[in-house]
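Asker: sharing a model that was predicted from the sequence below.
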Amino acid sequence: MAARVAAEAGGGDTLPLLDDLMPWSVRPLRTGRPWVTAPDAASLRARWDLLARSEGAEQERLFRPSRSRTPLTPAAALPGTSTGTSAFARDPGPYPEPVRILHGPFDEQWLIPDHRLLDAARPELWRVADGHQLFAVEHGSVPRDSGPALSATTLLPDGHSPAGRPGRIRPLYRRPGGREPNLAPGLAALLTARYGVPVSAESVLAWILAAALPSPAGPLVPLPADGDLWAEGVQLGQELLRIQLRGARGGERPRLPGGRRPYVRAAVRARPDGLRYDADEEAIVLGEGRVSPVPVEAWDFRVSGVRMLELWVERRTATAEGLAALGPRGWPQERTSELLELVTVLALLAGLRPRQRALRNRLEQAGTLTRDGLRSAGLIPVPASARLPASVLDHQEEGPEGQFALL
């Protein structure tokens, strides 16, 4: 079914689109310059300090101006932050503590949360990012893509796509505090009546993680007629969500069973000049460093056709210029710990793929709710207001040059 459905460019009157079920979405962040993000926070502080000390043409060169941002561009503070709002060249202000973000699928990095440095920071996402929020991040579709259609995170996601075809970012809640689910009006009530059990926003997200299929029009989400199949898919999706959250919201950090946990067999002592996979030893080899066991399923885990472990290492070893070149001289020990966790996450997700395939095979034989069915039930098209951000301004936000923003 997956191959047939993915070939249908528009979704048409077949399976519902994720866009039908979670109508409010935000485009990916556009930073405009690579040096505002880094795998480690210390590098960002060094880059900020150098930029703040520089002046004139040198500062402009380091800054890397764009049409949206230059050192002379004032900008409003991002919601929840306290940063300078005057032009950086005139008054950099204090260094803002970096925030943890999800840089594309499965890559946790750091970002300087200063709106003057970011071309399109998507403030509407920052307004709803709190301890209750979950973000669904579309990966973008490529031909013959067998990877996951989306992932979920508690971190602020930048929505970057490995294949250069970014999807959308969909917050699960439209307001802070886990209020007002970002679901098509009436969807939860319809599914509750259909399955005979309460259907929450998080159970809908869990089902989507388990069952969504990539397509050129965006993820497709089959909704079963059978309540038992729904319960099975929600349980599977909850396991996928737990792994992807990596211990956030009071959960346990993902771990593989004893004997399968990856270990450092030889330390990475300098910035590695190459990466390869030793299939016989189930080992990742980084220069003189060696990590094993790494299941082949984790090594070959791909999103939008791109192998995640290769991309993760490439981002940490590629040659950079300007401020982006400021970073660790070697390979920090904590970076190896992050690599071990990423291997664990990918191995666990790959281990659940047989259950996802079985679920999808059962869905192929079962009755499903089509887009026509959603129309008949009055759920689509959704009201225009459901596709717009809610008004969540319960505090003052500082606008450019210190003026307060009026929303």
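Answerer: Yep, that arrived.
Asker: so where's the stretch 251-400 of the chain uncertain?
Answerer: 392-400 (pLDDT under 70).
Asker: quick one, helices of it?
Answerer: 296-299, 308-317, 333-351, 353-365, 371-376 (DSSP state H, counting those that start in this stretch).
Asker: tell me the strands in the stretch 1-150 of the chain, going along the chain?
Answerer: 37-38, 99-102, 108-111, 135-138, 150-153 (DSSP state E, counting those that start in this stretch).
Asker: point out the one among those strands that comes closest to Pro23.
Answerer: Closest to Pro23 of the strands of the stretch 1-150 of the chain, according to Cβ to Cβ: strand 135-138, at 12.2 Å. Yep, even glycine has a C-beta here, placed from its N, CA and C like the rest.
Asker: neighbours of Pro257, how many?
Answerer: Look at Pro257: counted by other Cβ atoms under 10 Å, it has 6 neighbours.
Asker: so where's the stretch 1-150 of the chain uncertain?
Answerer: 1-13.
Asker: could you rerun that using 50?
Answerer: Along the stretch 1-150 of the chain, segments meeting pLDDT under 50 span 1-12.
Asker: nearest to Ala386, out of the strands of the stretch 1-150 of the chain?
Answerer: strand 135-138 (15.5 Å).
Asker: grab the most central residue of this protein for me.
Answerer: Pro157 (4.3 Å; Cα atoms, centre = their mean).
Asker: out of the helices of the stretch 251-400 of the chain, which is closest to Arg30?
Answerer: Per Cβ to Cβ, nearest to Arg30 of those: helix 308-317, 17.7 Å.
Asker: give me the angle between the closest one and helix 333-351.
Answerer: 160 degrees (axes from the mean of the first three to the mean of the last three Cα atoms, to 10 degrees).
Asker: and stretch 257-265, what's buried?
Answerer: Using 16 or more other Cβ atoms under 10 Å as the test for burial, stretch 257-265 gives Pro262.
Asker: measure it end to end?
Answerer: 18 Å (Cα to Cα, to the nearest Å).
Asker: and that stretch, how far out from the chain middle?
Answerer: Taking the mean of its C-alpha atoms, stretch 257-265 sits 27 Å from the chain's own mean (Cα atoms, centre = their mean, to the nearest Å).
Asker: before we move on, the earlier item: save the helices of the stretch 251-400 of the chain as a markdown table, and put in mean neighbour count and distance to Glu138 too.
Answerer: Output for the helices of the stretch 251-400 of the chain, formatted as a markdown table (neighbours: other Cβ atoms under 10 Å; distance: least, Cβ to Cβ, whole Å):
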| stretch | mean neighbour count | distance to Glu138 |
| --- | --- | --- |
| helix 296-299 | 18 | 23 |
| helix 308-317 | 19 | 16 |
| helix 333-351 | 19 | 17 |
| helix 353-365 | 15 | 17 |
| helix 371-376 | 16 | 18 |
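Asker: before we move on, back to that, of all the strands of the stretch 1-150 of the chain, which lies closest to Trp24?
Answerer: Closest among the strands of the stretch 1-150 of the chain, once you apply Cβ to Cβ, is strand 135-138, at 10.9 Å.
Asker: which helices and strands does the closest one pack with?
Answerer: strand 150-153, strand 156-157, strand 169-171, helix 201-211 (3 or more Cβ pairs under 8 Å, 6 or more residues apart in numbering; DSSP states H and E).
Asker: just checking: what are the partner strands of it?
Answerer: strand 150-153 (antiparallel), strand 169-171 (antiparallel) (DSSP bridges).
Asker: distance check, Trp207 against Gly186.
Answerer: 17 Å (Cβ to Cβ, to the nearest Å).
Asker: in terms of neighbours, single out the busier of those two.
Answerer: Trp207 (28 against 14).
Asker: circling back: list the contacts for the residue nearest to the centre of the chain?
Answerer: The contact partners of Pro157, taken as Cβ atoms under 8 Å, 6 or more residues apart in numbering, are 101-102, 135, 137, 169.
Asker: skipping its backbone neighbours, what lies nearest Gly367 in space?
Answerer: Nearest residue to Gly367 in three dimensions, chain neighbours excluded: Ala225, at 3.8 Å (Cβ to Cβ, 6 or more residues apart in numbering).
Asker: what about the one you found, how many residues nearby?
Answerer: 14.
Asker: likewise for Asp226?
Answerer: 15.
Asker: can you check the one 3 residues further on too?
Answerer: By the measure other Cβ under 10 Å, the count of residues near Leu229 is 21.
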